[in-house]
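Peer 1: From the sequence below, what's the structure:
(chains A and B)
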Amino acid sequence: MERKNVIELKNIVKRFGKVVANKNINLSVREGEIHAIVGENGAGKSTLMNILFGLYQPDEGEIIINGERLTRHNPKNSIRLGIGMVHQHFMLIPTLTVAENVILGQEPTKGIVIDLKTAEEKIQKLSDEYNLKINPKAKVADLSVGENQRVEIIKVLYRGANILILDEPTAILTPSEVREFFKIIKALAAQNKTIIIITHKLDEVMEIADRITVIKQGETIATVNKKETNPQLLARMMVGRDVLLRVEKEKTEIGEPIITITNLSVLKTNEIFALQDINITIHSGEIFGIAGVEGNGQTELIEAIMGLNLDKIKSGTIKLENVEITNLNTRKRLISGCSHIPEDRHLRGLVLDYKVKENIILGQHYFFCKYCFLNDKEINNHSEKLIEIYDIRPNDKEVIVKGLSGGNQQKVIVAREFTRDFKFLLAAQPTRGVDIGAIEFIHKKILEARDDQKAILLISADLNELLSLSDKIGVLYKGRIVKVLDADKTNPDELGMLMTGAIGG
Amino acid sequence: MNKKNLIIEILIPIFAVLLSLIISDILIIIYKQSPLKVYKILIEGTILNPYGIGQVLFKTTPLIFTGLAVAFAFHAGLFNIGCEGQLYVGAFTTAIVAAYLPQFTPPLIAILLAIIAGFIAGFIAGFIPGYLKAKTGAHEVINTIMLNFIIMAIVNYLVIRFFKVPETIHTYPIINNAKIPRLFEYTSFFKGSAANLSFFIALLACFIIYIILWKTKFGYEVRATGYNPKAAETAGINIKKIVILAMSISGGLAGLVGINFVLGYKYYFEEGFSSGIGFMGIAVALLGRNHPLGVFIAALFFGILSQGGLVINAIVPKELVDILQAVVIISVVASSSEVRRLLFKLGRL
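Peer 2: Numbering: from 1, shown residues only, chains lettered A, B, ... in the order given. Prediction:
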């Protein structure tokens, strides 16, 4: 049965100054289908979605929603037409209840008082209808990440949305939460809601989508039925060449211990421990992965290893080779052979207002000085070289890093940290929010470092990444390493259960 | 800085000045005067006659120092509202050193010593809130404001108790060799005005600060800390040290204000001489978008307004200029986002 198109975008063009974000986009989405939009970071997915939601005006092209041709589209229009957007980053106020969050902005009133009761009933009904399992009276702060996301979905449904745009919805979910989430999505689609999912996880696309539209460099490459494609084909369309989806890893010789963490305990507040009795030894030529739901001590572990929370360390020692570094400052650790890809590139990895060349020397800038002065010539040469080797786009050392796509920003960090003289690499979420071309590249670099006899600590929320790269995986749960497993003897389900405390260590 | 940002940085202050001119037009019209006439008198009385130019330069000089001070701290992500106190203790120290040096100290050395003394005094005054910020996290805005009161009270006490010439509120005059020459000693053009060589010292300070911020390792670390302290820390930069040093240098720059007034004009320290120059520094830095060149231009602009206020006093109240200055500040703050929005709408972003 051919269903009618609820959304039609024709020849959409959107320019930002000289940059063309959307060149020639054609998209038609049918009622009640799950439509995935895939593409590398910077391909123009977000721009497209913002145009669809009415946040940006296209320079050229037509937008037809429910058969209505929109000349001036804006978010108000979207709400009227039943389009709702769930952002990657939740926009909820933790101290309020679910119901209070949902009605925020259009509070129903009885006289001058907010009519919370009616809202709560309506939310309960929605929750039951789509099996969202959300208690409208619960405080958002007490909810898990998955539940937060469902609240966002309720928020959109509450406003009467028939078309849901979901931006990278599974990026922060554990495997079991992803499964739960897919069930909900399918239930929504069964009720004739139209779902648009933006993602670059191809295995998920293959599982959930009815049709898939591939975008590359601002252009729609094709819209395909899931049944007629496979991840390899999709990847090739996205990147324009064959991509290695599975990492090929050879066994290496494991050498001497490089980093040894002994009985490390770190405080969160005065009494509560963020980490307790952590023991990790990583040898040269070894990748040690850390699995865990976010907020179980990863950040504190990273900070402890890099010397960023010296005042919070309660006990324990950290040794690099045979030298104790527990009390060294960050700079001395970096110089003595630690390298660090921070978990959040915007928070710790980059100075966003700095140029590419300034970011490329960050933390190594003292090597580019003559007396007290920066040596511009050397900095320029160095950054030009790295931009070339690491294929950072645009190929311009003078551009402000803020303007780069996520993948290219990450490449700036990777370029910087891999050119350091290091024995130990702490790679935290090295490929988060990065397109598959860059993921392949970063994975390759990490494995090269391993083969080069470096010791690597890999902290990642992406279990596939952990499983394919790591030699050993430690599961972090509530500040403790509950179990250490051999990467080739475990699977996502076992890890998922350990991560959520469903089975003990 | 790329071209797009540069255009924005230039457009914001222009937009602000235009906006405030419109508002002052309205005020002048309410006062039943012709705006054109008022502006004509203002221009003629300032930049179109030699005495006026000299006075403008004299009034611009301290604003450059305080503007630089605020701008420098700002690059480290700090808001220094303590210039008023820092310049006060700086000028006082300059005056005391210059007054109590041996008479025969060679001019260059005497002047240098007096300048350095002022810088160090301001440096220490800036060090205190910087240290508190780095070590305890105490907010520098509160601490610099409070320190203004403390410093001024202490300095006033010292002046009255130990250093003042009887029956006056100023200190003993500085030695002749510590005096910075007036400009009219070189050219009769500036005859009668208070303009002195300090103006060129201020220009030199602009240049040095530019070099420090954009060409040195220290400046690189200061700006990185200001933009993103977490990333700076992760890169092994000692952000506490940077915060302390940046605040101290900012204080030191404010401490140089005394060069103009003490060494170049009055030849003594006088209680209450600064009359808001420290706070004006915030306006100068804002209008100058925290760039040394911008600071210079903004200081000149406020210097003209400040001198112009005296000139137009004949036909409109000089408070009008005070209002104009305040409106400029508000519109700079407000127009930052407004200009971006406008440009965005025009599709130039």
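Peer 1: How about the contacts made by the residue in the stretch 151-300 of chain A that chain B sits nearest to?
Peer 2: When scored by CB to the nearest CB, the stretch 151-300 of chain A has A:T299 as its residue closest to chain B, at 11.6 Å. Every C-beta, even on glycine, is put in place using the N, C-alpha and C of the backbone. Counting by CB atoms under 8 Å, 6 or more residues apart in numbering or on different chains, A:T299 makes contact with A:E343.
Peer 1: Look at it and tell me its secondary structure.
Peer 2: Here A:T299 is recorded as helix under DSSP: H, G, I helix; E, B strand; the rest coil.
Peer 1: For A:I79, see how far away it is.
Peer 2: 37 Å (CB to CB, to the nearest Å).
Peer 1: Please go through chain B and pick out the longest helix.
Peer 2: Identified as the longest helix of chain B according to DSSP state H is helix B:107-136.
Peer 1: Next, the buried residues of the helix or strand that that helix is followed by.
Peer 2: Tracing the chain past helix B:107-136, the next element assigned as helix or strand by DSSP states H and E is helix B:140-158. By 16 or more other CB atoms under 10 Å in any protein chain shown, the buried positions in helix B:140-158 come out as B:E140, B:N143, B:T144, B:L147, B:N148, B:I151, B:M152, B:V155, B:N156, B:L158.
Peer 1: so the third one makes contact with B:L78?
Peer 2: No - using CB atoms under 8 Å, B:T144 makes no contact with B:L78, being 9.0 Å away.
Peer 1: overlap in contacts of those two?
Peer 2: Counting by CB under 8 Å, 6+ apart, nothing touches both B:T144 and B:L78.
Peer 1: so what's B:A134 up against?
Peer 2: Residues in contact with B:A134 (CB under 8 Å, 6+ apart) are B:I239, B:K240, B:K241, B:V243, B:I244.
Peer 1: can I assume A:N22 sits in a helix?
Peer 2: No - A:N22 is assigned strand when assessed by three-state DSSP, not a helix.
Peer 1: Quick check: which element contains the nearest residue to it once chain neighbours are set aside?
Peer 2: Nearest residue to A:N22 in three dimensions, chain neighbours excluded: A:K14, at 4.2 Å (CB to CB, 6 or more residues apart in numbering or on different chains). A:K14 belongs to strand A:5-16 when assigned by DSSP H and E.
Peer 1: Within the sheet, what are the partner strands of that strand, with directions?
Peer 2: strand A:19-30 (antiparallel), strand A:60-65 (antiparallel) (DSSP bridges).
Peer 1: for that strand, which positions count as buried?
Peer 2: A:N5, A:V6, A:I7, A:E8, A:L9, A:I12, A:V13, A:K14, A:F16.
Peer 1: which one among the residues you listed gets closest to chain B?
Peer 2: Closest approach to chain B among those (CB to the nearest CB): A:F16, at 6.6 Å.
Peer 1: hey, what's that closest one bridged with?
Peer 2: The partner residues for A:F16, given DSSP bridges, come to A:V19.
Peer 1: near chain B, which residues of the stretch 201-350 of chain A show up?
Peer 2: Residues of the stretch 201-350 of chain A found near chain B (CB under 8 Å from any CB of the partner chain) are A:306, A:308, A:329-335, A:340, A:342, A:347-350.
Peer 1: Among those residues, which ones are in strands?
Peer 2: Judged by DSSP state E, these include A:H340 as members of strands.
Peer 1: Phi, psi for residue 264 please.
Peer 2: Going with chain A. Reported as degrees, to the nearest 10, the phi and psi values for A:L264 are phi -80, psi 130.
Peer 1: Chain B is the one I meant
Peer 2: With angles defined as degrees, to the nearest 10, B:G264 sits at phi -110, psi -10.
Peer 1: Work out which residue lies at the spatial centre of chain B.
Peer 2: The centroid of chain B falls nearest to B:T66 when counting by CA atoms, centre = their mean (2.2 Å).
Peer 1: counting contacts, what elements does the helix or strand encompassing that one pack onto?
Peer 2: Using DSSP H and E, B:T66 sits in helix B:50-75. Applying 3 or more CB pairs under 8 Å, 6 or more residues apart in numbering or on different chains; DSSP states H and E, one finds that helix B:50-75 contacts helix B:35-46, helix B:83-100, helix B:198-215, helix B:217-227, helix B:239-255, helix B:257-258, helix B:277-287, helix B:292-312.
Peer 1: which residues touch the fourth one?
Peer 2: Pointing back at helix B:217-227 there. Helix B:217-227 is contacted by residues A:351-354, A:358, A:362, A:365-366, A:369, A:372-374, B:72, B:74-78, B:211-213, B:231-232, B:235, B:237, B:239, B:242-243, B:245-246 when judged by CB under 8 Å, 6+ apart.
Peer 1: run the last query once more with 6 Å
Peer 2: Contact with helix B:217-227 is made by A:351, A:353, A:365, A:369, A:372, B:75-77, B:212-213, B:232, B:237, B:239, B:242, B:246, as judged by CB atoms under 6 Å, 6 or more residues apart in numbering or on different chains.
Peer 1: Please apply the same query to the fifth one.
Peer 2: Judged by CB under 6 Å, 6+ apart, the contacts made with helix B:239-255 from elsewhere in the structure are B:65-66, B:68-69, B:72-73, B:76, B:78, B:80, B:83, B:86-87, B:90, B:118-119, B:121-123, B:125-127, B:129-131, B:133-134, B:221-222, B:225, B:229, B:232-233.
Peer 1: how about stretch B:198-212: buried residues?
Peer 2: B:S198, B:F199, B:I201, B:A202, B:A205, B:C206, B:I209, B:Y210, B:I212.
Peer 1: ugh, wrong one, I meant stretch B:313-328
Peer 2: So stretch B:313-328, judged by 16+ other CB under 10 Å, has buried residues B:V316, B:L320, B:V321, B:L324, B:Q325, B:V327, B:V328.
Peer 1: Of the residues you listed, which ones also sit close to chain A?
Peer 2: Filtering those for proximity to chain A by CB under 6 Å from any CB of the partner chain leaves nothing.
Peer 1: Up against chain B, what does the stretch 1-150 of chain A have?
Peer 2: Neighbours of chain B within the stretch 1-150 of chain A, by CB under 6 Å from any CB: A:G17.
Peer 1: For the stretch 1-150 of chain A, which residue gets nearest to chain B?
Peer 2: Chain B sits closest to A:G17 of the stretch 1-150 of chain A, with a gap of 5.9 Å, by CB to the nearest CB.
Peer 1: burial count for that residue?
Peer 2: 10 (other CB atoms under 10 Å in any protein chain shown).
Peer 1: Repeat that for A:G160.
Peer 2: Counted with other CB under 10 Å, residues neighbouring A:G160 total 11.
Peer 1: what pairs with the lowest-mean-pLDDT helix or strand in chain A, and is each one parallel or antiparallel?
Peer 2: Least confident helix or strand of chain A, by mean pLDDT, DSSP states H and E, is strand A:109-110 with a mean of 82. Strand pairing for strand A:109-110, determined by DSSP bridges: strand A:113-114 (antiparallel).
Peer 1: Distance check, the nearest residue to B:F123 once chain neighbours are set aside against chain A.
Peer 2: The shortest distance from B:F123 to any non-neighbouring residue, by CB to CB, 6+ apart, is to B:G252 (3.8 Å). Computed with CB to the nearest CB, to the nearest Å, the distance linking B:G252 and chain A is 17 Å.
Peer 1: so what pLDDT did B:G252 get?
Peer 2: You'll see B:G252 listed with a pLDDT of 98.
Peer 1: So chain A: which segments form each domain?
Peer 2: Domains of chain A are assigned by automatic domain parsing as A:5-239, A:247-337+A:422-505, A:345-420.
Peer 1: what about these, which gets the closest to B:L57?
Peer 2: Smallest distance to B:L57 across those (CB to CB): 31.4 Å, for domain A:345-420.
Peer 1: what about A:D203, how many neighbours?
Peer 2: 10.
Peer 1: and B:I330, that one's in a helix?
Peer 2: Yes - with three-state DSSP as the criterion, B:I330 is part of a helix.
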